[in-house]
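# Quick one, what's the 3D model for this:
(2 chains)
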Amino acid sequence: MSRVVNVMRMQLMNRWTFIGIPLAILVSVLGMSWVIWSFIPYDGVKYSGGSQAPMWYFLALGIQSLTMTFPFSQGLSISRKAFFLGTVSLFAIIALAMTAIYYVLSLIETATNGWGVNGRFFALEWIAEGSGFPMMAFYFTAMMVLFLIGFWAATIYMRWQTTGLLITGIGTGLILVGLLFYTTRQDLWNQVGQFLGNQTQLSVAGWFAVVGLALAGGSYLTLRRAVP
Amino acid sequence: MSSVIETHDLIKTYRDSTALDGVTLSLEPGKICGLLGRNGAGKTTLMSILTAQGFQTSGSVAVFGESPYENERVLNRICFISESQKYPDAFTPRHAFRSAALFFSNWDQSLADRLVEEFQLPVKRSIKKLSRGQLSAVGVIIGLASRAELTFFDEPYLGLDAVARQLFYDRLVEDYALHPRTVVLSSHLIDEVANLLEHVIVIDNGRIIMNDDAESIRGSAFTVVGSATVVKIFLANREILHTDNFASLASVTVLGVLTPAEK
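Okay, here's the model as predicted:
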């Protein structure tokens, strides 16, 4: 257990990577969005997709926390299991903190009438419907999924190099094309549209959680035999 | 005493080559052991399997009597910084040492600080920007200051100048004398490390060709110098390892032991 905690401390050794950069991205994108909102000559609600920006950094962080830190952790005789648990737990904590920040900022956004310029950054229409919990569940699971995609992709690369990534990429592509083909063939697009339209933040968060758990399981099994 | 490392018929094959070809080995604790061999002989492969960083194709490994793979009871007592060790991009040597301090229970920070000074290592510079020698120094410092019961050094001298190499050898012997442990030192600079070693394992093409105490190996060959013709007659049917000729003189190294009469 203490080794799992120490893995978190090792990953946080340079605070800038896990804490500084996501916050810097968030603040600068919000600032830039505000400038843009302020000079758009339109009085209605103005949306920005900028709250995604730190989340995409989490994808990169997932890759980085494995490719650079896993070989080092092996040099310090850390078991693969402790490395996995520590890194993923740390990420869950970061995602939770980020989610809390998003929630608080969404409250401020609503209270200040969109930062004084009727802008929407956090409290986006569908995501922010209802109480705060569904929105937080949505943001948290979305961040975890992005992180785990990066983490698993990097693990696959470490274990099977380019061939592994190529096969996974082509395989995923083929499955998606197969699904599209099946949907079209069976004339299911209406149902798909309805299904997607009926989703709430919580149900999407639920899907993300399922995907996230599958990604985590896959990452762990891949890491078990990965060589630094 | 039971052995600290015990392997049986270790084989490691890559797609088109064999890195380890049936390595059976046992090593007693409390020695400085040289793992000697040419580049590509299998030194790093063997050490990475012993520390569960890599995997054998077949065969068995026991370290401290147990399989090291995912076994924290064993891993907690081992330190192996490989010659091509990677560090996180955003790390400085100081970050690396602080991390090491978290995981090695015997970590000695004052020793690490002293070594940093002696190797003149810039601890606040990003590891990416260090020279090869400075990078080796980071590994050497982690290895020494970890005081792990079983410490591996993988060609730790790469890029180090003669002064720094001597410093490493001196500090290794010094600290080993105060805190006995098992040290495995892989090297192809045999001359430099010869005097440190108490035990020698020679690996060639993935096979162990020698595994013996340094003392008995030192006695296993001798050199005769003299007029080439006389030397030739004297040595008659012995197995010759090496010959140097200079004008009519010859210096010949021979396998075996001289009888008192021959001396």
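# so is the residue nearest in space to the middle of chain B in a helix, a strand, or just coil?
In chain B, the residue lying closest to the centroid (Cα atoms, centre = their mean) is residue B:185, at 1.8 Å. Following DSSP: H, G, I helix; E, B strand; the rest coil, the label given to residue B:185 is strand.
# tell me which residues form a beta bridge with it?
Counting by DSSP bridges, residue B:185 forms beta bridges with residue B:34, residue B:153.
# quick one: it and residue B:140, what's the gap?
Distance of residue B:185 to residue B:140, given as Cβ to Cβ, to the nearest Å: 11 Å. To be clear about C-beta, it is placed using only N, CA and C from the backbone, and glycine gets the same treatment.
# For these two, list the residues in contact with both.
Between them, residue B:185 and residue B:140 share these contacting residues under Cβ atoms under 8 Å, 6 or more residues apart in numbering or on different chains: B:153, B:156.
# check which helix or strand covers residue B:7.
strand B:5-14 (DSSP states H and E).
# my bad, should have said residue B:238
Assigned by DSSP H and E, residue B:238 belongs to no helix or strand.
# May I have the helix or strand hosting residue B:23 exported as CSV, CA atoms only?
Residue B:23 is part of strand B:17-27, with elements assigned from DSSP H and E. Output in CSV follows, covering the C-alpha atoms of strand B:17-27 (Å, rounded to 0.1, in the frame of the first residue of the first chain):
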residue,chain,number,x,y,z
SER,B,17,18.7,-14.4,-32.1
THR,B,18,19.4,-16.1,-28.8
ALA,B,19,20.5,-13.7,-26.1
LEU,B,20,20.8,-16.3,-23.3
ASP,B,21,21.5,-19.9,-24.1
GLY,B,22,20.9,-22.1,-21.0
VAL,B,23,22.3,-20.0,-18.2
THR,B,24,22.5,-22.0,-14.9
LEU,B,25,24.1,-19.9,-12.2
SER,B,26,24.2,-19.5,-8.5
LEU,B,27,25.8,-16.7,-6.6
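# list the contacts for residue 106?
By default, I'm working from chain A. Residues in contact with residue A:106 (Cβ under 8 Å, 6+ apart) are A:122-123, A:128, A:132, A:135.
# Hmm, no, I was thinking of chain B.
If a contact means Cβ under 8 Å, 6+ apart, then residue B:106 has B:146-149, B:179 as its contacts.
# Give the helix, strand or coil label for the residue minimising distance to the centre of chain A.
Geometric centre of chain A, nearest residue: residue A:143, 2.3 Å, by Cα atoms, centre = their mean. Here residue A:143 is helix, with the state taken from three-state DSSP.
# Residue B:217 and chain A: what is the separation?
Counting by Cβ to the nearest Cβ, to the nearest Å, the separation of residue B:217 from chain A is 31 Å.
# ok, that residue touching residue B:201?
No. Applying Cβ atoms under 8 Å as the test, residue B:217 and residue B:201 come out as separate, 10.6 Å apart.
# The two: which has the busier surroundings?
Per other Cβ atoms under 10 Å in any protein chain shown, whichever of residue B:217 and residue B:201 has more neighbours is residue B:201, with 23 against 16.
# Can you name the residues of chain A sitting close to chain B?
With Cβ under 8 Å from any Cβ of the partner chain as the criterion, chain A meets chain B at residues A:3, A:6, A:9-10, A:13-14, A:16-17, A:64, A:68-69, A:71-72, A:74-82, A:224-225, A:227-228.
# Give me the buried entries from these.
Neighbour counting with 16 or more other Cβ atoms under 10 Å in any protein chain shown marks A:3, A:6, A:10, A:13-14, A:17, A:64, A:68-69, A:71-72, A:74-80, A:82, A:228 as buried within the residues of chain A next to chain B.
# Residue A:60 sits in which helix or strand?
Here residue A:60 is covered by helix A:53-67, with elements defined by DSSP H and E.
# Following element in sequence after that helix, please.
Using DSSP H and E, the helix or strand that follows helix A:53-67 in sequence is helix A:69-75.
# who touches that following helix?
For helix A:69-75, the external contacting residues (Cβ under 8 Å, 6+ apart) are A:7, A:10-11, A:83, A:87, A:158, A:223, A:226, A:228, B:51, B:53, B:79-82, B:85-88, B:91, B:96, B:99, B:142.
# Just the ones in strands from those, please.
Per DSSP state E, strands hold the following members of the contacts of helix A:69-75: B:79-81.
# sec struct for residue B:208, please.
Going by three-state DSSP: residue B:208 is strand.
# which residues sit in contact with it?
Contact analysis of residue B:208 by Cβ under 8 Å, 6+ apart lists B:23-25, B:201-202.
# ok, 10 Å please
Residue B:208 makes contact with B:7, B:10, B:20-25, B:35, B:37, B:42, B:46, B:201-202, according to Cβ atoms under 10 Å, 6 or more residues apart in numbering or on different chains.
# what ranges do the helices span in chain B?
B:43-50, B:72-75, B:93-103, B:109-118, B:132-146, B:162-178, B:190-193, B:214-218, B:228-235 (DSSP state H).
# quick one: the fourth one near chain A?
No. Helix B:109-118 lies out of reach of chain A by Cβ under 10 Å from any Cβ of the partner chain, never closer than 13.8 Å.
# Remind me what that helix packs against, helices and strands.
Counting contacts by 3 or more Cβ pairs under 10 Å, 6 or more residues apart in numbering or on different chains; DSSP states H and E, helix B:109-118 packs against helix B:93-103, helix B:132-146, helix B:162-178.
# Out of these, flag the one nearest chain A.
Proximity to chain A, assessed across those by Cβ to the nearest Cβ, is greatest for helix B:93-103 (4.3 Å).
# Quick check: residue B:63 touching residue B:76?
No. In this structure residue B:63 lies outside contact range of residue B:76 using Cβ atoms under 10 Å: 11.3 Å.
# Which of those two has more residues huddled nearby?
It is residue B:63, of residue B:63 and residue B:76, that has more neighbours when counted by other Cβ under 10 Å, with 23 against 17.
# Name the nearest residue to that one, sequence neighbours excluded.
Once flanking residues are discounted, residue B:63 sits nearest to residue B:74: 5.2 Å by Cβ to Cβ, 6 or more residues apart in numbering or on different chains.
# ok, that neighbour - how many residues close by?
Around residue B:74 there are 23 other residues, counting by other Cβ under 10 Å.
# Count the neighbours of residue A:130 for me.
Counted with other Cβ under 10 Å, residues neighbouring residue A:130 total 10.
# wait, I meant residue B:203
24.
# doesn't residue B:36 make contact with it?
Yes. Using Cβ under 10 Å, residue B:203 is in contact with residue B:36, at 7.2 Å.
# Now list whatever residues contact both of these two.
Listed as contacting both residue B:203 and residue B:36 by Cβ under 10 Å, 6+ apart are B:43, B:186, B:209-210.
# show me where pLDDT drops low in the chain?
You didn't say which chain, so I picked chain A. Scanning chain A for pLDDT under 70 picks out A:1.
# think we crossed wires, I meant chain B
Within chain B, the ranges that satisfy pLDDT under 70 run B:1.
# domains in it, as residue ranges please.
Under the assignment automatic domain parsing, the domains of chain B span B:5-213, B:221-255.
# Tell me which of those sits most buried.
Stretch with highest mean neighbour count among the domains of chain B: domain B:5-213 (a mean of 18; mean count of other Cβ atoms under 10 Å in any protein chain shown).
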